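K.L.:
Quick one, structure for this:
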Amino acid sequence: SISGEWLSANEMAQDFAGLPSGGAGPALSKLRKPSLNLYLPEHHHVESVHFTSATGKDLHPALAVVQTPHREYCILRDNGMQVGCEEEGIAAVWQEVLQCDHRGHAKV
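P.N.:
Numbering: from 1, shown residues only. Sure, this is the predicted structure:
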């Protein structure tokens, strides 16, 4: 739980289902602070974010380019959704929606 007391996955499922949570007191796991460890694979590491193309021309205002160790991705600025990559360019459906070319430049 983000805003309430710490609950185990089982307790959250029981609460969501409207069932009483079992147990006669705080479990040992509740007495210590839970820790969270995340592994982020190398291909998800972000090296840089750009709002211009490699030639220096501005991208469409809705687009950005994210450089990772192995690839360059074209994403929507608002939510980070991938809409293309360096090899294939911007997907045709997104070119139509955004009115941009395959390199991500706004059509005039």
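
K.L.:
Okay, and the residue nearest in space to the middle of the chain sits in which element?
P.N.:
By Cα atoms, centre = their mean, the chain has its centre lying nearest to Gly80, at 6.1 Å. Counting by DSSP states H and E, no helix or strand carries Gly80.

K.L.:
for it, phi and psi?
P.N.:
The phi/psi pair for Gly80 (degrees, to the nearest 10) reads phi 80, psi 10.

K.L.:
quick one: it and His105, what's the gap?
P.N.:
20 Å (Cβ to Cβ, to the nearest Å). All C-beta atoms are positioned from the backbone trio N, CA, C, and that covers glycine.

K.L.:
One more: Gln82?
P.N.:
Plainly put, Gln82 is 18 Å away from His105 if you go by Cβ to Cβ.

K.L.:
So for the two, which sits in the more crowded spot?
P.N.:
Set side by side, Gln82 and His105 show more neighbours around His105, with 17 against 12, by other Cβ atoms under 10 Å.

K.L.:
Spell out, range by range, the helices that occur in this protein.
P.N.:
Assigned by DSSP state H, the helices in the chain fall at 9-16, 28-31, 92-98.

K.L.:
Turn the ones you listed into JSON lines, including mean pLDDT and mean neighbour count.
P.N.:
Below are the helices of the chain laid out as JSON lines (pLDDT from 0 to 100; neighbours: other Cβ atoms under 10 Å):
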{"stretch": "helix 9-16", "mean pLDDT": "82", "mean neighbour count": "12"}
{"stretch": "helix 28-31", "mean pLDDT": "57", "mean neighbour count": "9"}
{"stretch": "helix 92-98", "mean pLDDT": "97", "mean neighbour count": "15"}
